[in-house]
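> quick one, fold the following:
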Amino acid sequence: MSTRATLCLFLLISLSLAGCGEQPRVIQRPGEAKITITGGNDPNIEAATKEARKTLPQFVKALQHPTPSQSRFQVKALFHDTFTAEDMWLQHLKYDGTQFTGELVNNPYQIQGYQKGNTVSVAAKEIVDWAYRDGDKIQGAYTESALNAEDKAAATAKPG
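Numbering: from 1, shown residues only. A predicted model of the protein is given here:
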C-alpha cells in the first residue's frame, strides 16, 4: 500500500473513531458562539432533533408573521463536506416554502468551504433545530437544551 493510501486510511479511521464514547467537548473561539462536539449518535440530541423537526411548522409560522415581541430567528442545519458533517446556526432568515436562506453565525470547526457571514441556503429537511426570542424567553432551541443538560450532568458527575 502506498504512503498516500496508508495516510488516507489512517485519516478515515481516525475520523470514524473520533468522539466514540466521549463526553461532549466545547470549543469557544473569541467573538463566536460556542461549538459542541458530541461524536454523533447521542440519543438525547436525536430526540431533540426529532422534536425540532416536528415543530418546525410552528417556527415557520412565527418567522413569516412575527409578533412585536418575537425576534432573532435562527435555524441550525446539517452541513457536509467530503469527510464529515457539522451542525451550524443561520440567522437573518428567509424561507421560500422549501428552503431557508440565511447567514452563518460562526466559522465551522471541521468542515471546509464555509465561513462566518456566508449566505447559504438549506433545505427544510436539513434543519436540526430552530430558535427565536419571544420577549424574554427563547422558543425552540431543543438541541441546545439537550447539550446544556448533558453539560450540567457531566459537571455534577465529576469528583469535587
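
> near Lys137, how many other residues are there?
Neighbours of Lys137 under the rule other C-beta atoms under 10 Å: 8. (Glycine included, C-beta is placed from N, CA and C.)

> return the helix or strand in the protein with minimum mean pLDDT.
Every helix and strand in the chain was compared by mean pLDDT, DSSP states H and E; the lowest is helix 3-17, with a mean of 34.

> all strands of the chain, in order?
Applying DSSP state E to the chain gives strands spanning 25-27, 35-37, 70-80, 85-95, 99-104, 119-123, 127-134, 137-140.

> take the ones you listed and write them to a markdown table, including distance to Ile45 and mean pLDDT.
Formatted as a markdown table, these follow (distance: least, C-beta to C-beta, whole Å; pLDDT from 0 to 100):
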| stretch | distance to Ile45 | mean pLDDT |
| --- | --- | --- |
| strand 25-27 | 14 | 62 |
| strand 35-37 | 9 | 62 |
| strand 70-80 | 11 | 94 |
| strand 85-95 | 9 | 94 |
| strand 99-104 | 20 | 98 |
| strand 119-123 | 18 | 97 |
| strand 127-134 | 8 | 97 |
| strand 137-140 | 14 | 97 |
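
> ranking the ones you listed by burial, who's on top?
For the strands of the chain, the largest average neighbour count (mean count of other C-beta atoms under 10 Å) is found in strand 127-134, namely a mean of 20.

> what lines up beside that one in the sheet?
Here strand 127-134 has these sheet partners by DSSP bridges: strand 70-80 (antiparallel), strand 137-140 (antiparallel).

> contacting residues for the closest residue to Glu86 other than its chain neighbours?
In space, not counting the residues next to it along the chain, Glu86 is nearest to Ile111; the distance is 4.8 Å by C-beta to C-beta, 6 or more residues apart in numbering. Residues in contact with Ile111 (C-beta atoms under 8 Å, 6 or more residues apart in numbering) are Phe79, His80, Asp81, Thr84, Ala85, Glu86.

> I'd like the residues you listed as JSON lines, with distance to His65 appended.
Below are the contacts of Ile111 laid out as JSON lines (distance: C-beta to C-beta, whole Å):
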{"residue": "Phe79", "distance to His65": "28"}
{"residue": "His80", "distance to His65": "32"}
{"residue": "Asp81", "distance to His65": "35"}
{"residue": "Thr84", "distance to His65": "37"}
{"residue": "Ala85", "distance to His65": "32"}
{"residue": "Glu86", "distance to His65": "31"}
